[in-house]
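S.K.: Here is my input; please provide its structure:
(chains A and B)
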2 protein chains.
Amino acid sequence: MLKKSWIQIEASSDFSIYNIPFGVFELKNGKARCASAIGDLIIDLHEMQLLGFFDHLDLPDDVFNQRYLNPFIQLGKKITNRVRNRLIDLLDENNTALRQKKEWHQRVFIPMDEVTMLMPLDVPNYTDFYSSMYHAENVGKMFRDPDHALLPNWKHLPVAYHGRASSIIVSGVNIHRPKGQIKPSDAGPVFGESKKLDIEIEMAFVTNRNTAMGEAIPVEKAQEHIFGLMVFNDWSARDIQKWEYVPLGPFLGKNFASSVSPWIVTLEALEPFKVPLSPQQPAVLPYLEEKERFSYDIHLDAFIEHEKFNAFKITSTNYKYMYWTMAQQLAHHTVNGCNIEVGDLYASGTISGPEPDAYGSLLELSWGGKHDIDMPDGSKRTFLEDGDTVIIKGYSEHKGIRVGFGEVRTSILPAK
Amino acid sequence: MLKKSWIQIEASSDFSIYNIPFGVFELKNGKARCASAIGDLIIDLHEMQLLGFFDHLDLPDDVFNQRYLNPFIQLGKKITNRVRNRLIDLLDENNTALRQKKEWHQRVFIPMDEVTMLMPLDVPNYTDFYSSMYHAENVGKMFRDPDHALLPNWKHLPVAYHGRASSIIVSGVNIHRPKGQIKPSDAGPVFGESKKLDIEIEMAFVTNRNTAMGEAIPVEKAQEHIFGLMVFNDWSARDIQKWEYVPLGPFLGKNFASSVSPWIVTLEALEPFKVPLSPQQPAVLPYLEEKERFSYDIHLDAFIEHEKFNAFKITSTNYKYMYWTMAQQLAHHTVNGCNIEVGDLYASGTISGPEPDAYGSLLELSWGGKHDIDMPDGSKRTFLEDGDTVIIKGYSEHKGIRVGFGEVRTSILPAK
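M.R.: As a prediction, the model looks like this:
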């Protein structure tokens, strides 16, 4: 029998009693606090702690009275799960402890549309993987050799690069079209606005530990060190990227911005949505071998919105289309002794499905700019235009249980 | 006439009265404080502030009673230079203000060999450039096309990639040989210890500002945002790097560790060592054009030390062998709106000179492992062996003025 909350929750809400994600919101006085969400409400976790609802959970004072979730996350899963489970209990229709304290509800619950959500993490390090085979194949077909779309290393290790941590922004923060060096095929490089501004639909996981240098995290232990996931939009200026990226990888084509959802959904909340993954061929090296290979069934829809038309869905993909798992990514990342930190973000790389309607970037949807994508007002897109707002929504739904991430919403402002 | 200090300083000291670098040291109680250095002494800057020597310099209380230099650096050059200039004044042989207060000397000065220097920066972001032409040409000749050693973009933009900030360590912290995936030329990939562990002799600059996203730093303003420089050793596992780096750049071949000198030498201290650089051909785009092109004459010597032999010099290179300047690097890095942060490190890339005795990596010195490098005990190296200690020293010297960085010393421990 499904759990129900005494809070009224729409069936379409991302924030069911099964979710209980974590985020940070701005108070009217400009300070920040940590929050969870249920239905259309956010839950002020600091007020909950002050009211004694988290007594005996071994929480430090003021752990939610913080600008970032890092101090909470670094308590580790044993403690962070206790908080989430306590919230699930308190919000259950059969629990009266908070339900009956109506005088406290205004202190604890705030309508979601009245608050501004903030970047919930202080991100010490950000890594971007390249772990969806369909995406890597599409890129390989477009830019390299259609008959050997995957590079020789791709099926042996989860290819990745370090990204820029400073420019990770939360949903609602808009970006200016980047400028940079672009090389037309028939002339020398020029400086100008990117004409090929693109999205990459990704998921990113958050680590909850500082490891020592030299410590490798075994693949079978990796999940313990992952607090949860966020929806991630890895903005890409394809024309800048194309000219700069050989031989050391993407740089200014990416580092002007990456956008995340305001809510971190825990791995525990995603447990009902696990989907098995096929065995890998060729077999991987032992340090990457998994007894149980799985991803999560997370629907990812991307929309373009414009003053001339409402949000228009351009693609739907799914986190289940992963070749490399989070556990493999983290095991690989640390196998050389690279230390990880609390709040690090590890993005999946563009997630594309096998069919063109599940491609995770405009680069693929327009096949390198060759095919127009029709918008509802009769206009066309290959890449993004100024005034476009990109919205990426992520959610899982299974047997009446829905757990979602909310949205990542970003508007493209003209170049400065 | 040259300045002299009332502190006795050997002519060979890196820490003349013209230097006054900044670092962080560990107190006996385990806490940390910011310091400068003169001769064989470190200067406890917190004690200096408590004693009133920095009154009227607009310093916040406790700005030196910190684990990292970031709070000091972010005060900006106007303030940080005031502190450095005050120290130069106080240490001048003609100034008695501190000289005569002999009872305070023990509080303020500590023999360098009695303290442990700590990682002086909390590094939010680390970027590694690839800005020495001789190095890029050598790599191109070895791995790509000897007749077209430089890739087409190399002379148009300062190529760079994001590195791992978490694993930057200070001189004296040793590293374990990394393990990882390596692909022999005639078989599939295997997992094992890197057999090609290498150094890269680099300099890294430190920024003193948080910029807003979207803000580009013009090339002519870039120096204002650079606090100083450190000697940087960008450890590289060539065999891991070779298999992983196409198409997204270096990752596990680099991110297990990078080592820095404990002292940050300010740009102002390096002013006497400016050397003009030749005009660039082909001409660069206007956002990279400089009225005055210069680097600094910083000698960089690398040594291998082993229990069987004393420190043995393997190469001498110089920071003057740069094609792209710091100003160009910073202007390029921000031209797309990428924001920078206080304490960011921007490394030069391997610095190689035109002749083989000035190559900045074992990869080049051994020409891809083809030539042995003879050690004093009759043993040979192509790459590093367990038990080797690598020392990189950096200093400038001109007309009797010497300004140095001390050393970056790191021993190679066996793989874990």
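S.K.: And the helices in chain A, which stretches?
M.R.: Taking DSSP state H as the criterion, chain A carries its helices at A:45-50, A:70-73, A:77-91, A:102-108, A:133-143, A:238-244, A:267-270, A:326-334, A:362-365.
S.K.: so which of these gets nearest chain B?
M.R.: helix A:238-244 (5.8 Å; CB to the nearest CB). No exception for glycine: its C-beta is placed from N, CA and C like everyone else's.
S.K.: okay, now the domains of chain A?
M.R.: Domains of chain A are assigned by automatic domain parsing as A:23-118, A:126-413.
S.K.: ok, the first one near chain B or not?
M.R.: So that's domain A:23-118. No. Shown here: domain A:23-118 not in contact with chain B (CB under 8 Å from any CB of the partner chain), separated by at least 13.5 Å.
S.K.: from the domains of chain A, which stretch is densest packed?
M.R.: Highest mean neighbour count among the domains of chain A (mean count of other CB atoms under 10 Å in any protein chain shown): domain A:126-413, with a mean of 20.
S.K.: And it, how far out from the chain middle?
M.R.: When distances are taken as CA atoms, centre = their mean, to the nearest Å, domain A:126-413 is centred 8 Å away from the chain's centroid.
S.K.: got it, and stretch A:44-60?
M.R.: 27 Å.
S.K.: Can you tell me what sits against it?
M.R.: The contact list for stretch A:44-60 (CB atoms under 8 Å, 6 or more residues apart in numbering or on different chains) reads A:25, A:33-36, A:61-65, A:71, A:75, A:79, A:82-83, A:86-87, A:90, A:97-98, A:101, A:104, A:107-110.
S.K.: what bridges to the closest residue to residue A:91 other than its chain neighbours?
M.R.: Excluding the flanking residues, the one nearest residue A:91 by CB to CB, 6 or more residues apart in numbering or on different chains is residue A:5, at 4.6 Å. Using DSSP bridges, the bridge partners assigned to residue A:5 are residue A:92.
S.K.: so what's residue A:5 up against?
M.R.: Contacts for residue A:5 were tallied using CB under 8 Å, 6+ apart; they are A:16, A:17, A:38, A:39, A:91, A:92, A:93.
S.K.: ok, so of those, who is nearest residue B:187?
M.R.: Closest approach to residue B:187 among these (CB to CB): residue A:16, at 51.2 Å.
S.K.: leaving aside the residues next to it on the chain, what's closest to the closest one?
M.R.: Nearest to residue A:16 is residue A:402, by CB to CB, 6+ apart, at 5.2 Å.
S.K.: ok, that neighbour to residue A:193 distance?
M.R.: Counting by CB to CB, to the nearest Å, the gap from residue A:402 to residue A:193 is 40 Å.
S.K.: Can you lay out the helices of chain A as a markdown table showing mean pLDDT?
M.R.: Formatted as a markdown table, the helices of chain A follow (pLDDT from 0 to 100):
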| stretch | mean pLDDT |
| --- | --- |
| helix A:45-50 | 98 |
| helix A:70-73 | 98 |
| helix A:77-91 | 98 |
| helix A:102-108 | 97 |
| helix A:133-143 | 95 |
| helix A:238-244 | 98 |
| helix A:267-270 | 98 |
| helix A:326-334 | 98 |
| helix A:362-365 | 98 |
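S.K.: Mind putting these into TSV with distance to residue A:153?
M.R.: Shown next, in TSV, are the helices of chain A (distance: least, CB to CB, whole Å):
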stretch	distance to residue A:153
helix A:45-50	43
helix A:70-73	32
helix A:77-91	32
helix A:102-108	51
helix A:133-143	11
helix A:238-244	20
helix A:267-270	28
helix A:326-334	11
helix A:362-365	21
